[in-house]
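Asks: This is a predicted model, with the sequence first.
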2 protein chains.
Amino acid sequence: MKVRLLDNGSIVIEHTQLMWNVPGEQARIPVYSVLIEHDDGLFLFDTGIDLDHMNRVLPFELPEQTPEQTIPAQLESCGFEVGDVTTLVNSHLHIDHVGGNKHFAGTGTKNVLHAKELAQARNHEPFEFFGYSDKSWDYEGANFVPVTGDFELAKGLWLYETPGHTVGHYSLLVQPASGAKPMLFAFDVAYTAAALEKGIQPGFHNDPVAGVRSIRRVKALAEEHGADVFLSHDMDAWRGYKHAPDFYEA
Amino acid sequence: MKVRLLDNGSIVIEHTQLMWNVPGEQARIPVYSVLIEHDDGLFLFDTGIDLDHMNRVLPFELPEQTPEQTIPAQLESCGFEVGDVTTLVNSHLHIDHVGGNKHFAGTGTKNVLHAKELAQARNHEPFEFFGYSDKSWDYEGANFVPVTGDFELAKGLWLYETPGHTVGHYSLLVQPASGAKPMLFAFDVAYTAAALEKGIQPGFHNDPVAGVRSIRRVKALAEEHGADVFLSHDMDAWRGYKHAPDFYEA
């Protein structure tokens, strides 16, 4: 397996979103996707932001995304095109994880996601308005594969239910066939390494009690599997990761 | 009935606490209790902050409370003493609603509160640490009367379950025997009139989905009964209310 992190640009958020109810400075945070070359196909996890939508709905988050940071361009930089992706998985359907889904219209690519997430994003709480404001993933002919529970999506690719931030949030554990270290993509269970360490969830959430359990779950999974945890929105951590087309051998 | 609002001082909180995830300026907010002279006894709802505890645990909230703003002094200003209170009700057990409970040790005063609130405050989530940090209400010999559901505490005094901010939050509807306008004390369902109007709950909460339902419930109750809604932490509204020893005839 080859695991690549696709740069999708960045946005600026309040510190109380980064860490719920903890005051501090605004921060520019990265947005990225995960592409995995696997014997069973090409798997893409999340698709970043759509710059036009962000500028329309959340201009105060000062979104930045160059043409090279879009999903088609990132795939191309790795030698692929959109149609090569066999399975698209969304950890959840928030605005900064679905921006490139629309590029898969007409490809027939399977879109795996939690059944509860699909229902919630279409009929969300009022406080989830901004999070679910980009509905371009819900195009006609989208090939949704709604799932529930923990399961092995393909050999060595495990999805674990980690709700709280949203009702149907999934985390991804990559268990390499090689002797390489497992990788645990916790997506938005916590935004930064410091937040995970302290057990502080994002300011945006649906169920903070579930969020506490999911933070514990991520820590337990990382310990059980000896995995490195990858955070979705930690700029310092992001700078230390390998960026596509560079890859992690797994 | 005579309904009096007892001034218990003030604290400063972040705007994202006043309105969840909405940035803005810090605000100094009032803290107060409600004393009701009723044919069946003297009822006190909430007891404000304890200044020493606040200065120990949350000094950055810049708590202010003069000796005249403590529960014993406020009761005295109305011609009562602590032992005259027959029933103390806590809308919930957060730090700014329980500070004066300890003064009732030894009086035998009944302490009515939601059964779930009592359990939660003793065994809370990590993110509720500050909210439930003042445990002085849990003194030996406290005469707890844990309750559940909506019910008429005494003629014209209705408690309505309004969870979300905390698991066992109660709101109070006062239905005057006279022709006076009903009064709905929504406590911390929303902190300000603007927050209630917009449907935005406080940044501190246990279950925001329940919080949305409770905001709707408060609005529906106010409309059904033609009641004035009293907010717990709205400085502008507070300045317009009558303060003890002045009273509302109900």
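Replies: That came through fine. Numbers count the residues shown, from 1 in each chain, chains lettered A, B, ... in the order given.

Asks: CA atoms for contacts and neighbours, from now on please.
Replies: Will do.

Asks: which parts of chain A sit against chain B?
Replies: Within chain A, the positions near chain B by Cα under 8 Å from any Cα of the partner chain are A:14, A:16-17, A:21, A:23, A:125-127, A:200, A:203-204, A:206-209, A:212.

Asks: For those residues, work out which two are farthest apart.
Replies: Pairwise distances across these peak at 24.8 Å for A:Pro23 and A:Glu125 (criterion: Cα to Cα).

Asks: Now the buried members of the residues of chain A next to chain B.
Replies: Of the members of the residues of chain A next to chain B, the ones counted as buried by neighbours, 16 or more other Cα atoms under 10 Å in any protein chain shown, are A:14, A:16-17, A:21, A:23, A:127, A:200, A:203-204, A:206-209, A:212.

Asks: would you turn the residues you listed into TSV with secondary structure and distance to A:Ala73?
Replies: What follows is these, written out as TSV (DSSP: H, G, I helix; E, B strand; the rest coil; distance: Cα to Cα, whole Å):
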residue	secondary structure	distance to A:Ala73
A:Glu14	coil	29
A:Thr16	helix	33
A:Gln17	helix	29
A:Asn21	coil	37
A:Pro23	coil	37
A:Phe127	helix	33
A:Ile200	coil	34
A:Gly203	coil	31
A:Phe204	coil	30
A:Asn206	coil	33
A:Asp207	coil	36
A:Pro208	helix	36
A:Val209	helix	39
A:Val212	helix	36
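
Asks: B:Thr148: which of the residues you listed is nearest?
Replies: Set against B:Thr148, the nearest of those by Cα to Cα is A:Val209 (21.2 Å).

Asks: pLDDT score for that closest one?
Replies: For A:Val209, the model assigns a pLDDT of 98.

Asks: Hmm, it is touching A:Pro163, no?
Replies: No - contact criterion Cα atoms under 8 Å: A:Val209 and A:Pro163 do not qualify, at 9.5 Å.

Asks: And the pLDDT for the nearest residue in space to A:Asn143 that is not next to it in sequence?
Replies: Setting aside the residues directly before and after it, A:Asn143 is nearest to A:Lys110 in space (Cα to Cα, 6 or more residues apart in numbering or on different chains), at 5.1 Å. You'll see A:Lys110 listed with a pLDDT of 98.

Asks: doesn't A:Leu88 make contact with A:Lys110?
Replies: Yes - the pair A:Lys110 and A:Leu88 passes the contact test of Cα under 8 Å, sitting 6.0 Å apart.

Asks: where do the helices sit along chain A?
Replies: A:15-18, A:51-57, A:71-77, A:115-122, A:193-198, A:208-225, A:235-240 (DSSP state H).

Asks: Could you single out the most deeply buried of these?
Replies: By mean neighbour count, with neighbours taken as mean count of other Cα atoms under 10 Å in any protein chain shown, helix A:15-18 ranks first of the helices of chain A at a mean of 24.

Asks: How far off centre is that helix?
Replies: When distances are taken as Cα atoms, centre = their mean, to the nearest Å, helix A:15-18 is centred 18 Å away from the chain's centroid.

Asks: if I pick A:His94, what's in contact with it?
Replies: Each residue near A:His94 by Cα atoms under 8 Å, 6 or more residues apart in numbering or on different chains is listed here: A:131-134.

Asks: how about 6 Å then?
Replies: Counting by Cα atoms under 6 Å, 6 or more residues apart in numbering or on different chains, A:His94 makes contact with A:131-132.

Asks: same deal with the one 4 residues further on?
Replies: Contacts of A:Val98 were listed using Cα under 6 Å, 6+ apart, and they are A:47-48.

Asks: Return the distance of it relative to A:Gly131.
Replies: A:Val98 sits 10 Å away from A:Gly131, going by Cα to Cα, to the nearest Å.

Asks: do A:Tyr241 as well
Replies: Look at A:Tyr241 and A:Gly131: by Cα to Cα, they are 26 Å apart.

Asks: and if you look at A:Thr162?
Replies: 17 Å.

Asks: Which of the two has more residues huddled nearby?
Replies: A:Thr162 (29 against 17; other Cα atoms under 10 Å in any protein chain shown).

Asks: In this structure that one contacts A:His169, no?
Replies: Yes - the pair A:Thr162 and A:His169 qualifies as a contact (Cα atoms under 6 Å) at a distance of 5.4 Å.

Asks: what is in contact with these two at once?
Replies: Taking Cα under 6 Å, 6+ apart as the contact criterion, A:Thr162 and A:His169 have no common neighbours.

Asks: Next up, the contacts around A:His205.
Replies: When contacts are counted by Cα under 6 Å, 6+ apart, A:His205 is found next to A:164-166.

Asks: quick one: pLDDT of it?
Replies: A:His205 is assigned a predicted lDDT (pLDDT) of 98.

Asks: So the closest residue to it other than its chain neighbours versus A:Ala193, what's the distance?
Replies: Spatial nearest neighbour of A:His205, excluding adjacent residues (Cα to Cα, 6+ apart): A:His165 at 4.0 Å. The gap separating A:His165 from A:Ala193 is 16 Å, by Cα to Cα.

Asks: Now A:Ala105. Its backbone dihedrals?
Replies: Phi and psi for A:Ala105, reported as degrees, to the nearest 10, are phi -60, psi 130.

Asks: show me what contacts the nearest residue to A:Ala210 once chain neighbours are set aside?
Replies: Once its chain neighbours are removed from consideration, A:Ala210 has its nearest residue in A:Gly164; the separation is 4.6 Å (Cα to Cα, 6+ apart). The contact partners of A:Gly164, taken as Cα under 6 Å, 6+ apart, are A:205-208, A:210-211.

Asks: Mind doing that once more with 10 Å?
Replies: In this structure, A:Gly164 makes contact with A:188-189, A:201-202, A:204-215, judged by Cα atoms under 10 Å, 6 or more residues apart in numbering or on different chains.

Asks: Nearest to B:Ala115, out of the residues you listed: which one, please.
Replies: Checking the contacts of A:Gly164 one by one against B:Ala115 (Cα to Cα), the nearest turns out to be A:Val209, at 18.7 Å.

Asks: Contact partners for that closest one?
Replies: Counting by Cα under 10 Å, 6+ apart, A:Val209 makes contact with A:163-165, B:124-127, B:205-207.

Asks: ok, so of these, who is nearest B:Leu93?
Replies: The nearest one, if we look at the contacts of A:Val209 relative to B:Leu93 and count by Cα to Cα, is B:His124, at 11.1 Å.

Asks: In this structure the closest one contacts B:Leu93, no?
Replies: No - in terms of Cα atoms under 10 Å, B:His124 does not count as a neighbour of B:Leu93; the distance is 11.1 Å.

Asks: pretty sure the residue nearest to A:His205 contacts A:His92?
Replies: Yes - the pair formed by A:His165 and A:His92 meets the contact definition of Cα under 10 Å, at 9.0 Å.

Asks: what is in contact with the two at once?
Replies: With contacts taken as Cα under 10 Å, 6+ apart, the residues that reach both A:His165 and A:His92 are A:187-188.

Asks: And the strands in chain A, which stretches?
Replies: A:2-13, A:27-38, A:41-45, A:87-89, A:110-114, A:143-147, A:151-154, A:157-161, A:170-174, A:183-187, A:228-231, A:248-249 (DSSP state E).

Asks: Can you list the strands that the fourth one pairs with?
Replies: To tie it back to what came earlier, the one meant is strand A:87-89. When sheet partners are counted by DSSP bridges, strand A:87-89 sits next to strand A:41-45 (parallel), strand A:110-114 (parallel).

Asks: What of the shortest one?
Replies: Paired strands of strand A:248-249, with direction, are strand A:2-13 (antiparallel) (DSSP bridges).
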